[in-house]
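Enquirer: model the structure of this input:
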Amino acid sequence: MTRRWAILQTPGQILSAGPGTWTGAGNLIAEYGGQWTNSGAFTVLNDAMVINDTGEAPQPVIVNNGKFIKSAGTNTAFSPANGGVAFNNNGTAGSLSGVLSLGGGGAGNNGSFTNGPGSETDLAAGAFSISGSSTVSGAGATRVLGPPSATSVTFGGTITMAGGTFEAGGGTLLGAGVIAGTGTFNWSGGTICAALNLAPTVSFNLSGGSNKTLGYAPTPGQILSAGSGTWTGAGNLIAEYGSQWTNGGAFTVLNDALVINDTGEAPHRLS
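Expert: Below is the predicted model:
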């Protein structure tokens, strides 16, 4: 797409099954009820934006059942303005160059995220869900960002790490999920209210200067880590009532941060 403006208007519905590219500086503006379903191999070669122009319901959405890969440029952003444009990833999405920033939430079933070295896919705003059997691969990272009140990711299945990195850098993690395979789960910020079971072959690291909260609402955070891990940076670990982290691996503390009971209510436990 190289036009100055590309607009999806109600009841605009696009179903693309072949290969495609996005070039040029023109943004994609999606209005309420608009939907683009990609079942082919679509390559993003620019730094344009995806914008929700109206903020009305139903939220516009891009459904990816094929491949949606950023392979040039530094930042392609789904703006969070007006609630953003949802990105439902049931196929393979990610970045091989810079950042693919998703700012409208989205539901994914059996989807995969793949990112090249130094590149990342950011779940930056909105309500996301990851269900079924998903994969995180590549030398880059899939990151959750934003304030806990603005970004949430609900787990409902198994994420298999294929050498990739999943980072909880903000937002709130919810639901229940198994983190399998071989890779890294980094916790650098935000709140975990999910039940997460990390395999022995998945490293669990706490890092950075931001506090991390093992929260209680809507359900207490429960972490079971069986692999190696480290704690670096100045950020404290805040544990709220009912939460629990069970370490079954070799965890090394390399900082002088604090572990804080934020509520004073029972129960709470680190073991």
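
Enquirer: what is the burial count for L224?
Expert: 17 (other CB atoms under 10 Å). C-betas here are computed from N, CA, C, even on glycine.

Enquirer: nope, G156 is what I meant
Expert: With other CB under 10 Å as criterion, G156 counts 17.

Enquirer: repeat for A250
Expert: A250, neighbours per other CB under 10 Å, totals 9.

Enquirer: any idea of the pLDDT on it?
Expert: The per-residue pLDDT reported for A250 equals 98.

Enquirer: how about T158: what's its closest non-neighbour residue?
Expert: Distance criterion CB to CB, 6 or more residues apart in numbering; nearest residue to T158, sequence neighbours excluded, is V178 at 4.4 Å.

Enquirer: S188 now?
Expert: G208 (3.8 Å).

Enquirer: hmm, that neighbour is touching G233, no?
Expert: Yes: between G208 and G233 there is a contact under CB atoms under 8 Å: 4.4 Å.

Enquirer: tell me, what's touching the two both at once?
Expert: S188 (CB atoms under 8 Å, 6 or more residues apart in numbering).

Enquirer: endpoints of stretch 138-155, how far apart?
Expert: 21 Å (CA to CA, to the nearest Å).

Enquirer: over to stretch 244-263?
Expert: 14 Å.

Enquirer: now it: buried residues?
Expert: Buried residues in stretch 244-263, counted by 16 or more other CB atoms under 10 Å: Q244, W245, N247, F251, A257, D262.

Enquirer: list just the nearest of those to I223.
Expert: Each of the buried residues of stretch 244-263 was scored against I223 by CB to CB, and W245 proved nearest at 4.4 Å.

Enquirer: what about A127, how many residues nearby?
Expert: A127 is flanked by 18 other residues according to other CB under 10 Å.

Enquirer: report the separation between A226 and D262.
Expert: Note on A226: its distance to D262, by CB to CB, to the nearest Å, is 26 Å.

Enquirer: if you could redo that for T23, that was the one I meant.
Expert: Plainly put, T23 is 49 Å away from D262 if you go by CB to CB.

Enquirer: G103 now?
Expert: The span separating G103 from D262 equals 29 Å under the rule CB to CB.

Enquirer: same check, this time on A150
Expert: 20 Å.

Enquirer: and for P148?
Expert: P148 is 13 Å from D262, by CB to CB.

Enquirer: N255 belongs to a helix?
Expert: No: if the criterion is DSSP: H, G, I helix; E, B strand; the rest coil, then N255 is coil and not within a helix.

Enquirer: residues contacting it?
Expert: N255 makes contact with W231, T232, G233, A234 under the criterion CB under 8 Å, 6+ apart.

Enquirer: the last one reaches A257, doesn't it?
Expert: Yes: counting by CB under 8 Å, A257 is a contact partner of A234 at 6.0 Å.

Enquirer: report the distance from the helix or strand containing T158 to the chain centre.
Expert: T158 is part of strand 151-192 when elements are defined by DSSP states H and E. Taking CA atoms, centre = their mean, to the nearest Å, the mean C-alpha location of strand 151-192 is offset from the chain mean by 8 Å.

Enquirer: again with stretch 185-204
Expert: Taking CA atoms, centre = their mean, the mean C-alpha location of stretch 185-204 is offset from the chain mean by 13 Å.

Enquirer: put the alpha carbons of it into PDB.
Expert: Output in PDB follows, covering the C-alpha atoms of stretch 185-204 (Å, rounded to 0.1, in the frame of the first residue of the first chain):
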ATOM      1  CA  PHE A 185      10.900 -15.400  30.300                       C
ATOM      2  CA  ASN A 186      12.000 -11.900  31.600                       C
ATOM      3  CA  TRP A 187      10.000  -9.900  34.200                       C
ATOM      4  CA  SER A 188      11.000  -6.300  34.100                       C
ATOM      5  CA  GLY A 189       7.800  -4.600  35.200                       C
ATOM      6  CA  GLY A 190       4.100  -4.700  35.500                       C
ATOM      7  CA  THR A 191       1.800  -7.000  37.400                       C
ATOM      8  CA  ILE A 192       1.400 -10.800  37.300                       C
ATOM      9  CA  CYS A 193      -2.100 -12.100  38.300                       C
ATOM     10  CA  ALA A 194      -1.800 -15.200  36.200                       C
ATOM     11  CA  ALA A 195      -0.900 -18.800  37.100                       C
ATOM     12  CA  LEU A 196       2.300 -19.500  35.100                       C
ATOM     13  CA  ASN A 197       4.100 -22.800  35.000                       C
ATOM     14  CA  LEU A 198       7.600 -22.400  33.500                       C
ATOM     15  CA  ALA A 199       9.400 -25.500  32.300                       C
ATOM     16  CA  PRO A 200      13.000 -26.400  33.500                       C
ATOM     17  CA  THR A 201      14.300 -25.300  30.100                       C
ATOM     18  CA  VAL A 202      12.900 -21.800  30.400                       C
ATOM     19  CA  SER A 203      15.000 -19.200  32.200                       C
ATOM     20  CA  PHE A 204      13.100 -16.900  34.600                       C
END
